[in-house]
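>>> A structural model of the following input is requested.
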Amino acid sequence: MSVDTPIRPATRPGVLHRVSGWAMRHAGLALVLWVLALAAVTAASTVVGANFKNDNSLPGTDSQRVTDIFAAHQPQGDTASVQLVFRAEGGLAAEKSRVASMLATVRDLPHVASVTDPFTAPGALSTDRRTAYATVGLDVAAADMPVADVRTIIHRAQDFARPGFQVEAGGDLARNAAESSGGASEGAGILAALVILVFLFGSLLAATLPLLTAVFAVGSTVALLMLASHFFTVPEYTTPVMMLVGLGVGIDYALLIFSRYRHELLKGTADPKAVALDTAGRSVMFAGCTVVIALLGLLALGLGSLQGVALGVTLTVLMTMLAAVTLLPSLLTLFGKRIERSVRKHAAKQRRTPGDGWRRLAGVVQRGPWVPLVLGIVALVALSLPALGMRLGFADAGTDDPAKTSRKAYDLLADGFGPGFNGPLVVVSQGDSAAAQALGQTLAADPGVAAVTPPQLTPDGKIATVLAFPKSAPQDAATSDLVERLRDDTLPALEGRTGATYLIGGSTAAADDFAAAVSKRLPIFVLVVVGLSALLLMAVFRSVLIPLKAAVLNLLSIGASLGAITLVFQQGWFGAQAGPIEAFVPVMIFAIVFGLSMDYEVFLVSRIHEEWRRTGDARVAVREGLATTGSVITAAAAIMIVVFGAFLLSPDRMLKQFGLGLATAVLLDAVLIRCVIVPAVLRLLGNRAWWLPSGLDRILPRIKLEDHS
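Next up, the predicted model:
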């Protein structure tokens, strides 16, 4: 076995050195090329536009088979609709003329093909005759319906509202037509990041460079993603998720390189830019590769809706890596003199030697490593426990802001027709008419079903459909229990008697199928991500225990972040709207957080490894490694936290969950894990931390992070 062997300096510059060296020698040209590239892709995306589309297909599941059956047996070219819901406190009979005038006005609006009469349509009027709904049929598909025309329908209908007579609009089109406050969360995050950077570097110019690097990378990626949406299936929600990750990672990577440049500058290194790029730059490239591996691991899940997001966010990380090693060096060269003066001036004002506080912290941890280690692990495990009870689902109008018209329509329908009216189970019968009648009778007898509709035949007469309205709301656990009971017990027994085939679809069934598909494939996903990341760490640090420690601690931070999401968004802590967690949020957070955790792991451990190889003293290496990286890690984490946390200001529930999960994970990772638990573990391991069997030492490739010319 071997502990570690010195690595010979490269005989010729590597790719990173050549690329960043070119950017520094031709700084003006590199900056102009970035500006031209950003302008070109932005102009192209503006002309071509975006073609985002959601792919929620789940091959092999019952809900997907229901969708496929409808596509095969229903007329092609189905159009979209908007639901108008109204309620009269004194009864709708007195408002019949007002309702008729409203519907006549809506009927003449663009893209309106038909409007049903709530007083004659079956089941459109509640039993107390105070709540009703009208379906506004459109002449285009949902993807082709202009948002402005949807808003016109809503506003013209609501013009007829008055005290005692409420008019609201429901359906997916109405939800999407709500006014968005997009941009507010991104702007708040960037402003807060700028404040932290100014405080850290003492210079507005120095603080602006990491921000400029991130903005260029994210801006160009947004445009590229719009162009890519014409060739790949990219979901609509990819852009905000990509911006969330891109801003955090872009600022983070640029900050790590700039901080090493500042450190070498104050130390008096002859060429601080080259050293920063050959050390921190290598760490950034390696950390970015682990993020990419984690994101591409989503492809192992085989879920179309996640593959587009994975590709989009992967492109973002690659662009931030490119900007960090090309755009940032050119900016450092162009503004080097001014930055150097501001850095030295700010350092001269500091009364303490940089890193003294972190050395004292490392000393405290090293004197009694078991206490912080045990307390830290217990805290992470305790915060992870709520995630064991996490319920997955898809957001509907019931989790919207109570002020939105779609939420008000949802509440009116639930109050007037029952909580299950907003999410009926779509049960398909493939058999004769007797089998369809038996299905309706069996469903009506179930204690969890409030009402069923008579069997409806498709136009070709081959398929019968029954709508079953649960007694519970679509996102209630009781509704998922109902779906499970019908699939596992009730319908199989009925199939044995009738010889027909029955399938259940609908929003709740689709969410349950998605959760089941993710759970089934999750072990493969985790194995791919953790395994490949561990191999990379093993090749870099020539150690078996370092990758093992990193994997365990990363999994704990991910569990803690998912536990925080469960407490807030599922159990309704801090006044949040209680409901299930978006079905794809946990796996996305796993991929993103696991990759981001490697940033701090690589940055901290690489400096510890560098000091250990220089001194041969494990305790000194941990202390000096933490002293030189502690302030940078906490500053980078603070920036990520404010950028991610700013997305809690978003009106979108999914983005709020992403923001809280990522901010919590970064906070725990940077403060508790990297600055307390990792030093404690390395103190206990001592020189054994860098142990690697001689057989692996010969097989593994050598990836150098610490060498520089």
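>>> if I look at D446, how far off is R487?
12 Å (CB to CB, to the nearest Å). The way it works is simple: take the backbone N, C-alpha and C, and place the C-beta from them, glycine included.
>>> excluding its backbone neighbours, what's nearest P586?
Distances taken as CB to CB, 6 or more residues apart in numbering place L562 nearest to P586, at 5.7 Å, with adjacent residues excluded.
>>> which secondary structure state does the one you found sit in?
Of the three states, L562 takes helix according to DSSP: H, G, I helix; E, B strand; the rest coil.
>>> what sits against it?
Counting by CB atoms under 8 Å, 6 or more residues apart in numbering, L562 touches 384, 387, 390, 586, 589, 661.
>>> repeat that for 7 Å
Shown in contact with L562 (CB atoms under 7 Å, 6 or more residues apart in numbering): 387, 390, 586, 589, 661.
>>> who wins for neighbours among the residues you listed?
For the contacts of L562, the largest number of neighbours (other CB atoms under 10 Å) sits with G661, at 29 neighbours.
>>> what's the closest non-adjacent residue to the residue of the chain positioned farthest from its centre?
In terms of distance from the mean C-alpha position of the chain, A94 ranks first, at 48.7 Å (CA atoms, centre = their mean). Leaving out its chain neighbours, the residue that sits closest to A94 by CB to CB, 6+ apart is A88, at 6.6 Å.
>>> tally of neighbours for the one you found?
By other CB under 10 Å, 20 other residues sit near A88.
>>> what's the answer for S631, then?
Close neighbours of S631, defined as other CB under 10 Å, add up to 16.
>>> OK, contacts around A468?
A468 makes contact with 424-425, 427, 443, 449, 452 under the criterion CB under 7 Å, 6+ apart.
>>> next one: L204
When contacts are counted by CB under 7 Å, 6+ apart, L204 touches V198.
>>> among the contacts of L562, which are in strands?
Residues of those located in strands (DSSP state E): none.
>>> which of the residues you listed sits closest to G60?
P586 (21.0 Å; CB to CB).
>>> turn the contacts of A468 into JSON lines, including neighbour count.
Shown next, in JSON lines, are these (neighbours: other CB atoms under 10 Å):
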{"residue": "P424", "neighbour count": "22"}
{"residue": "L425", "neighbour count": "25"}
{"residue": "V427", "neighbour count": "28"}
{"residue": "L443", "neighbour count": "25"}
{"residue": "V449", "neighbour count": "19"}
{"residue": "V452", "neighbour count": "21"}
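>>> tell me which of the residues you listed fall in strands.
Using DSSP E, the members of the contacts of A468 that fall within strands are 425, 427, 449, 452.
>>> tell me which two in these are the farthest apart.
V427 and V449 (10.1 Å).
>>> overlap of the contact sets of these two?
443, 468.
>>> distance to I699 added to the ones in strands among the contacts of A468, as TSV?
Formatted as TSV, the ones in strands among the contacts of A468 follow (distance: CB to CB, whole Å):
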residue	distance to I699
L425	55
V427	57
V449	61
V452	64
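>>> can you lay out these as a markdown table showing pLDDT and distance to T116?
What follows is the ones in strands among the contacts of A468, written out as a markdown table (pLDDT from 0 to 100; distance: CB to CB, whole Å):
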| residue | pLDDT | distance to T116 |
| --- | --- | --- |
| L425 | 92 | 22 |
| V427 | 92 | 23 |
| V449 | 92 | 25 |
| V452 | 90 | 21 |
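>>> what is the nearest of those residues to L125?
Among these, V452 lies closest to L125 (CB to CB), at 18.2 Å.
>>> partners of that closest one in the sheet?
A468 (DSSP bridges).
>>> OK, contacts around it?
By CB under 7 Å, 6+ apart, the contact list for V452 reads 440, 443-444, 466-468.
>>> so which two of the residues you listed are the farthest from each other?
The span of those, defined through CB to CB, is set by A444 and L467 at 11.6 Å.
>>> when those two are compared, which one has more neighbours?
Comparing A444 with L467 by other CB under 10 Å, the one with more neighbours is L467, at 19 against 13.
>>> strands of this structure, start to end?
For the chain, the strands defined by DSSP E occupy 81-88, 112-115, 131-138, 165-170, 392-393, 425-430, 449-452, 456-457, 464-470, 501-505, 581-582.
>>> by contact count, what packs against the fifth one?
Applying 3 or more CB pairs under 7 Å, 6 or more residues apart in numbering; DSSP states H and E, one finds that strand 392-393 contacts helix 507-541.
>>> now do the buried residues in the helix it packs on.
Buried residues in helix 507-541, counted by 16 or more other CB atoms under 10 Å: 507-515, 517-518, 525-526, 528-530, 532-534, 536-541.
>>> again, but for stretch 58-65
So for stretch 58-65, counting by 16+ other CB under 10 Å, buried means 58, 61-65.
>>> helices - which of those residues land there?
Mapping the buried residues of stretch 58-65 onto helices (DSSP state H) picks out 62-65.
>>> could the residues you listed be laid out in CSV, adding distance to L413 and pLDDT?
CSV is the format used below for those (distance: CB to CB, whole Å; pLDDT from 0 to 100):
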residue, distance to L413, pLDDT
D62, 26, 85
S63, 22, 85
Q64, 27, 85
R65, 28, 88
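>>> of the residues you listed, just say which sits nearest to A43.
The closest of those to A43 turns out to be Q64 (CB to CB; 39.4 Å).
>>> and the nearest residue to L545 once chain neighbours are set aside, what is it in contact with?
Leaving aside its chain neighbours, L545 sits nearest to A689 (5.5 Å; criterion: CB to CB, 6+ apart). Residues in contact with A689 (CB under 7 Å, 6+ apart) are 543, 545-546, 618, 682.
>>> pLDDT weak spots in this protein?
For the chain, applying pLDDT under 70 flags the ranges 1-14, 55-56, 74-79, 178-186, 302, 304-305, 346-347, 349-354, 705-709.
>>> is it true that the residue nearest to A94 touches F165?
Yes: assessed by CB atoms under 7 Å, A88 is found in contact with F165 at 5.1 Å.
>>> now the common contact residues for the two.
The contact lists of A88 and F165 share E95, where a contact means CB under 7 Å, 6+ apart.
>>> picking up where we left off before, give me the buried subset of the contacts of A689.
The buried subset of these (16+ other CB under 10 Å) comprises 543, 545-546, 618, 682.
>>> which one of the residues you listed is nearest to R151?
Taking CB to CB as the measure, R151 sits nearest to I546 out of the buried ones among the contacts of A689, at 55.6 Å.
>>> just to revisit the earlier point, what's near enough to touch the residue nearest to A94?
Going by CB under 7 Å, 6+ apart, the list of residues near A88 reads 94-95, 130, 164-165.
>>> filter those residues down to the buried ones, ChimeraX style.
Selection of buried members from those for ChimeraX, criterion 16+ other CB under 10 Å:
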select :95,130,165
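>>> thanks again, I'm all set now.
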